[in-house]
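# Give me a model of this one.
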Amino acid sequence: MTDPSHQDCLESIEVLTAYRDRLVNDVKAMGQRLKLPQKQIEATLASHAELQRIEAVLIQLASQLETTALS
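Numbering: from 1, shown residues only. Down below sits the predicted model:
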């Protein structure tokens, strides 16, 4: 398998960031509709498995982006 190009990394970061932002907004909106306390909404976001996975992938992509930039 070949390493992704610089452009591939940028596109993936852009798409994942948009998805993460949309997911965060959805969770916040749902919490507000349910009239949950802000601290509970923030705790839910902090422990959200999918958001944690997205953050891990974004970190990995940023690292790979640095690697491809140095090549």
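# in the helix or strand hosting residue 40, what's buried?
Using DSSP states H and E, residue 40 maps to helix 38-47. Within helix 38-47, the residues scored as buried using 16 or more other CB atoms under 10 Å are residue 41. Quick note: C-beta positions are derived from backbone N, CA and C, even for glycine.
# heads up, I number from 40, so please use that
Sure thing, new numbering starts at 40, so read that last one as helix 77-86.
# helices or strands next to it in the packing?
On a contact count with 3 or more CB pairs under 8 Å, 6 or more residues apart in numbering; DSSP states H and E, helix 77-86 meets helix 45-72.
# pLDDT below threshold where in this protein?
Counting by pLDDT under 70, the ranges of the chain that qualify are 40-42, 110.
# change it to 90
By pLDDT under 90, the low-scoring segments of the chain are 40-48, 103-110.
# rewinding a little: which positions within the helix or strand that comes right after the helix holding residue 79 qualify as buried?
Using DSSP H and E, the helix or strand that directly follows helix 77-86 along the chain is helix 88-109. Across helix 88-109, burial judged by 16+ other CB under 10 Å covers 90, 93, 100, 103, 104, 107.
# Tell me the one of those nearest residue 53?
Using CB to CB, residue 100 is the member of the buried residues of helix 88-109 that lies nearest residue 53, at 10.1 Å.
# Fine, thanks again, bye for now.
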